[in-house]
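J.: Got a predicted model here, sequence first, then my questions.
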Amino acid sequence: MDLEKRPPPPPSEPRPPEGCLVVAIRMPVRIVVLVLVVPVRLAWDALVAAGRLLTDSVLRPLGRALLWLGRTVLVWPLVALWRYVVVPAGKALGLLGHVLVVVPLDWLYRYALTPVGHALAGLARAAGAGLAWLYARVLAPAGRGVGRFLRGAGTLLAALGTGVFAVVAWLLRHLLVVPAQFLYVHLLAPVGRALAWCVGALVTGIGAVLYWTARILFVLPALALWRWVLVPAGRVLAVVAREIGTALGHAWRVAGYVSRAVGRFLATLFRWLLVEPVRWAYRTVLTPVGHVIRDAVLRPAAEAARAVGRTTRQALAAARETARQVRADVRRALFGEPRRPEPVERRELDGRETRTLGSSTTALTKD
């Protein structure tokens with residue numbers, strides 16, 4: 001039981017007032033759409049019912065039968081082939097490959113390649129030791145001497161290059177850089193600023209003229225077309241589209257009710273014209289006739305068949321017993337009495353002297 005007070009539902013937003021255009025469009029559109037949608041909905045419901053009937057009565061049993069057939073024809077033979085042919089053959093091939101390939105390769109690696117590898121590794125270590133001695137005793141001292149000579153020559157050449165570079169840099173600065181800087185500061189910069197101001201003013205004037213020309217020739221007419229033509233036409237089309245959508249929804253629901261009523265009427269008609277007569281015939285005609293046939297014909301026939309079966313089984317049993325006795329008499333007449341098995345002496349004691357775990361009558365514990 002809910003004891004808490006629930007908040008009141010929010011008030012629904014008031015619908016905006018509808019104009020005369022909406023009211024004038026709504027009713028004709030709904031009537032036309034209803035007339036067009038009702039046959040479509042009836043055909044759709046009929047197709048859905050036929051599809052369900054076809055699926056439940058034909059396609060699903062057919063699919064199950066095909067599934068069973070495919071399992072019987074394909075899956076089970078393939079499983080049997082895999083289980084009883086491929087797997088044993090694979091195991092046999094694996095064993096054969098192990099015996100013919102793995103074992104010889106293992107023997108070859110262990111008794112041939114491994115000793116050869118150890119010998120080659122010893123030779124490589126000896127060669128490496130010789131090369132290390134050659135590097136430490138011959139190549140390293142020679143390299144150090146050559147390096148000292150090259151460092152001295154490089155220091156001398158660097159000193160000469162530094163002096164020559166300083167002289168060349170002083171000459172280039174006083175012969176090229178200083179005159180070029182004076183020419184740029186006192187001549188080229190003022191001329192460039194004047195040319196840039198003239199070009200900027202020209203481009204600004206041309207841009208203003210083109211802007212106002214494009215605004216007057218294109219922007220203002222396009223804005224007027226959008227504001228006074230396209231926006232009202234779009235609103236009218238939006239109202240028409242909204243009403244058509246609403247009318248389609250109402251018409252589809254109404255067509256559903258009509259389709260349901262028609263379906264119930266057809267189902268009732270089918271029931272009273274076919275199902276009820278068949279049921280009445282089954283109850284009033286076929287059932288009594290079936291009971292009479294069962295009581296008068298089938299049950300006596302079944303009893304007679306059971307009696308004949310019992311008599312036949314008894315006769316067959318008597319014949320088998322007679323044949324068994326005849327075979328025994330013939331065997332006894334030809335070969336004599338069979339040898340009876342000699343009694344075997346029991347190892348366990350009888351009566352009170354039976355061996356037990358709690359007494360001292362065993363062979364190991366008795367005195």
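T.: Noted; the coordinates are in hand. Residues are numbered from 1 along each chain as shown.

J.: Could you use CA atoms for every contact and neighbour count after this?
T.: OK.

J.: Just want the most central residue of this structure.
T.: Residue closest to the average C-alpha location in the chain (C-alpha atoms, centre = their mean): L67, at 21.9 Å.

J.: host element of it?
T.: Using DSSP states H and E, the element containing L67 is helix 60-70.

J.: Where does L120 fall, secondary structure wise?
T.: helix 114-134.

J.: Pass me the low-pLDDT residue ranges in this structure, would you?
T.: Within the chain, the stretches with pLDDT under 70 are 1-27, 336, 338-367.

J.: Show me the helices in it, by range?
T.: For the chain, helices defined by DSSP state H occupy the ranges 20-54, 60-70, 76-81, 87-97, 103-108, 114-134, 140-172, 178-183, 189-214, 220-225, 231-270, 276-281, 287-293, 299-335.

J.: For the longest one, buried residues please.
T.: Looking back up the chat, that one is helix 231-270. The neighbour-count check on helix 231-270 (16 or more other C-alpha atoms under 10 Å) flags 239-240, 243-244, 246-256, 258-259, 263 as buried.

J.: what angle sits between that helix and helix 20-54?
T.: Between helix 231-270 and helix 20-54, the angle comes out at 40 degrees (axes from the mean of the first three to the mean of the last three C-alpha atoms, to 10 degrees).

J.: Remind me what helix 231-270 packs against, helices and strands.
T.: With contacts taken as 3 or more C-alpha pairs under 8 Å, 6 or more residues apart in numbering; DSSP states H and E, helix 231-270 sits against helix 20-54.

J.: Check which helices and strands the helix it packs on sits against.
T.: Packed on helix 20-54, when contacts are counted by 3+ C-alpha pairs under 8 Å, 6+ apart, are helix 231-270.

J.: for the helix it packs on, the distance to its chain's centre please.
T.: Counting by C-alpha atoms, centre = their mean, to the nearest Å, helix 231-270 is centred 40 Å from the centre of its parent chain.

J.: thinking again about what came up before, for the helix holding L67, list the C-alpha coordinates in PDB.
T.: C-alpha atoms of helix 60-70 as PDB (Å, rounded to 0.1, in the frame of the first residue of the first chain):
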ATOM      1  CA  ARG A  60       8.500 -25.600 -39.600                       C
ATOM      2  CA  PRO A  61       7.700 -29.300 -40.000                       C
ATOM      3  CA  LEU A  62       9.500 -29.200 -43.400                       C
ATOM      4  CA  GLY A  63      12.500 -27.600 -41.700                       C
ATOM      5  CA  ARG A  64      12.600 -30.200 -38.900                       C
ATOM      6  CA  ALA A  65      12.300 -33.000 -41.500                       C
ATOM      7  CA  LEU A  66      15.100 -31.500 -43.600                       C
ATOM      8  CA  LEU A  67      17.200 -31.000 -40.400                       C
ATOM      9  CA  TRP A  68      16.700 -34.600 -39.400                       C
ATOM     10  CA  LEU A  69      17.500 -35.800 -43.000                       C
ATOM     11  CA  GLY A  70      20.600 -33.700 -43.100                       C
END
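
J.: Determine the angle, from 0 to 180 degrees, between that helix and helix 20-54.
T.: Using the same axes, to 10 degrees: helix 60-70 against helix 20-54 is 50 degrees.

J.: got a list of contacts for helix 60-70?
T.: Outside of helix 60-70, not a single residue reaches it under the criterion C-alpha atoms under 8 Å, 6 or more residues apart in numbering.

J.: what comes up buried for that helix?
T.: Result for helix 60-70 [16+ other C-alpha under 10 Å]: no buried residues.

J.: coming back round to it: so what angle separates the directions of the helix holding L120 and helix 140-172?
T.: Angle, helix 114-134 to helix 140-172, by the same axes, to 10 degrees: 60 degrees.

J.: what's the spacing between helix 114-134 and its chain's center?
T.: 58 Å.

J.: Can you dump the C-alpha atoms of it in CSV for me?
T.: The C-alpha coordinates for helix 114-134 follow below in CSV (Å, rounded to 0.1, in the frame of the first residue of the first chain):
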residue,chain,number,x,y,z
THR,A,114,75.8,-32.7,-31.4
PRO,A,115,79.4,-34.0,-31.5
VAL,A,116,80.1,-32.1,-34.8
GLY,A,117,78.6,-28.9,-33.3
HIS,A,118,80.8,-29.3,-30.2
ALA,A,119,83.9,-29.7,-32.4
LEU,A,120,83.0,-26.6,-34.5
ALA,A,121,82.3,-24.6,-31.4
GLY,A,122,85.8,-25.5,-30.0
LEU,A,123,87.4,-24.5,-33.3
ALA,A,124,85.5,-21.2,-33.3
ARG,A,125,86.6,-20.5,-29.7
ALA,A,126,90.2,-21.2,-30.7
ALA,A,127,90.0,-18.9,-33.7
GLY,A,128,88.4,-16.2,-31.6
ALA,A,129,91.2,-16.4,-29.1
GLY,A,130,93.8,-16.0,-31.9
LEU,A,131,92.0,-13.0,-33.3
ALA,A,132,91.7,-11.4,-29.9
TRP,A,133,95.5,-11.8,-29.4
LEU,A,134,96.1,-10.3,-32.8
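
J.: Contacts for that helix, please.
T.: By C-alpha under 8 Å, 6+ apart, helix 114-134 touches no other residue.

J.: what's the span of stretch 103-122 from first residue to last?
T.: End-to-end distance for stretch 103-122: 28 Å, by C-alpha to C-alpha, to the nearest Å.

J.: What of stretch 69-79?
T.: Using C-alpha to C-alpha, the two ends of stretch 69-79 sit 15 Å apart.

J.: so how far is it from its chain's centroid?
T.: For stretch 69-79, the distance to the chain centre is 25 Å (C-alpha atoms, centre = their mean).

J.: And stretch 144-156, by the same measure?
T.: 73 Å.

J.: quick one: buried residues of that stretch?
T.: Buried, per 16+ other C-alpha under 10 Å, within stretch 144-156: nothing.

J.: cool, and stretch 282-295?
T.: So for stretch 282-295, nothing qualifies as buried (16+ other C-alpha under 10 Å).
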